[in-house]
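>>> 3D model of this:
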Amino acid sequence: MIKVALLGCGRLGKIIARGLSEGKGENCQLIGILERDKEKAATFPQLYGCEGYQQLEDVLALKPEYFIDASNADTVKECAERILSAGCDMICLSASAFQDQEFCQRVRQTAQEYHTQVHLASGAVGGFDVIAAAMLYGPVQVTLTQRKYPPESPKCPPGFRGMPGEYEGSAWDAVSNYPERLNIAAATSVVCQDWQNTKVRLEPIPDEEFMSFALDVTGDFGKAHIFLQQGSPAHIVPGPDLAAWSTLATLRRLTSPITF
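Predicted structure coming up:
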């Protein structure tokens, strides 16, 4: 059985913890969750079948092989090097942490020294394999478009109300302005190895539409348009829940005998 730990247990972390406890990670067991809130952590044995811990070292003592991040950029910057140096790989959602180039270089060096890796989950849109392949073919231009409810809409999720209805700029500027809301832009920039020429657009939608993400990739290889609608009439979702499931899909790819 492959031992897995979880960094953070907010809305997305709960989806991941529940998925692991229900066997969504093939041959994987959730052995511990790092959660600084003691009262919240006390509920985890009943909810997810594992203990909650306030200290990272207590989780690392359990010898996890993978640590899934569902926290935030600050927590990743605090914990990543210690996790990697303990011989544990990370599956990371908080890609905005890697905008800090000094931190990114330290993580790279630590991973090389301890033969570990950080795996960026594709989050709520996907298509990173297409971008990586296209970049080997030749230069590419990548634009991420997020279509969302404007701040004044009653359907706008609370976390998005601090963002403008419309925006266009580099991924560097977008992530700098909204670090906890544009992890997809950050992950895309890491894949592209280019924060300045990766473009980000925010576009408003009427209340009768669904929020969505799209990646447009152009280059010598041709063109790609990768689109994801968030939810459906039969199943309304409150946020980019697919991001949580993308970490479990990443875990399956890393641990399955036949992968893709």
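>>> where along the protein do the helices fall?
11-21, 38-41, 44-48, 56-60, 73-85, 101-114, 128-137, 171-177, 183-192, 242-255 (DSSP state H).
>>> In the helix-or-strand element of the chain with minimal mean pLDDT, which residues are buried?
Across the helices and strands of the chain, the lowest-confidence element by mean pLDDT, DSSP states H and E is helix 38-41, at a mean of 90. For helix 38-41, a neighbour-count test (16 or more other Cβ atoms under 10 Å) marks residue 41 as buried. (C-beta placed from N, C-alpha, C; glycine too.)
>>> Only alpha carbons, please: show that helix as CSV.
C-alpha atoms of helix 38-41 as CSV (Å, rounded to 0.1, in the frame of the first residue of the first chain):
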residue,chain,number,x,y,z
LYS,A,38,-6.6,21.4,16.3
GLU,A,39,-10.4,21.1,16.6
LYS,A,40,-10.8,20.5,12.9
ALA,A,41,-8.0,17.9,12.9
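>>> Identify the residues contacting that helix?
Here helix 38-41 makes contact (Cβ atoms under 8 Å, 6 or more residues apart in numbering) with 9, 33, 35, 51, 52, 53, 54.
>>> just how off-centre is that helix within its chain?
Distance, stretch centre to chain centre, for helix 38-41: 24 Å (Cα atoms, centre = their mean, to the nearest Å).
>>> Residue numbering should commence at 614 henceforth.
Sure, I'll start counting at 614 from here, so that last one is helix 651-654.
>>> pLDDT on stretch 865-873, on average?
Stretch 865-873 carries an average pLDDT of 92.
>>> Just the C-alphas of it, formatted as PDB.
Only the C-alpha atoms of stretch 865-873 are listed here, as PDB (Å, rounded to 0.1, in the frame of the first residue of the first chain):
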ATOM      1  CA  ARG A 865      -2.900   7.400 -10.200                       C
ATOM      2  CA  ARG A 866      -0.600   8.100 -13.100                       C
ATOM      3  CA  LEU A 867       2.400   8.100 -10.800                       C
ATOM      4  CA  THR A 868       1.500   4.800  -9.000                       C
ATOM      5  CA  SER A 869      -0.300   2.700 -11.700                       C
ATOM      6  CA  PRO A 870       1.600  -0.100 -13.500                       C
ATOM      7  CA  ILE A 871       0.300   1.100 -16.900                       C
ATOM      8  CA  THR A 872       0.100   4.900 -17.200                       C
ATOM      9  CA  PHE A 873      -0.300   7.600 -19.800                       C
END
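>>> and it, which residues are buried?
Using 16+ other Cβ under 10 Å as the test for burial, stretch 865-873 gives 865, 867, 868.
>>> And residue 627, how close does it get to residue 833?
Residue 627 is 43 Å from residue 833, where distance means Cβ to Cβ, to the nearest Å.
>>> now swap in residue 781 and tell me
Taken as Cβ to Cβ, the span from residue 781 to residue 833 is 25 Å.
>>> Equivalent analysis for residue 699, please.
Residue 699 sits at a distance of 42 Å from residue 833 (criterion: Cβ to Cβ).
>>> more crowded one of those two?
residue 699 (17 against 9; other Cβ atoms under 10 Å).
>>> and that one, what does it touch?
Contact analysis of residue 699 by Cβ under 8 Å, 6+ apart lists 673, 727.
>>> which outside residues touch stretch 743-763?
Identification of contacts with stretch 743-763 by Cβ under 8 Å, 6+ apart yields 738, 768-770, 773, 776, 778, 784, 795, 797-798, 801, 804-806, 810-818, 820, 822, 824-834, 837, 839.
>>> so what's residue 614 closest to, chain neighbours aside?
Distance criterion Cβ to Cβ, 6 or more residues apart in numbering; nearest residue to residue 614, sequence neighbours excluded, is residue 642 at 4.8 Å.
>>> Please work out how many residues are found near the one you found.
By the measure other Cβ under 10 Å, the count of residues near residue 642 is 15.
>>> For stretch 828-837, list every residue counted as buried.
In terms of neighbour count (16+ other Cβ under 10 Å), stretch 828-837 has its buried residues at 828, 829, 830, 832, 834, 837.
>>> same check, this time on stretch 850-866
The neighbour-count check on stretch 850-866 (16+ other Cβ under 10 Å) flags 852-865 as buried.
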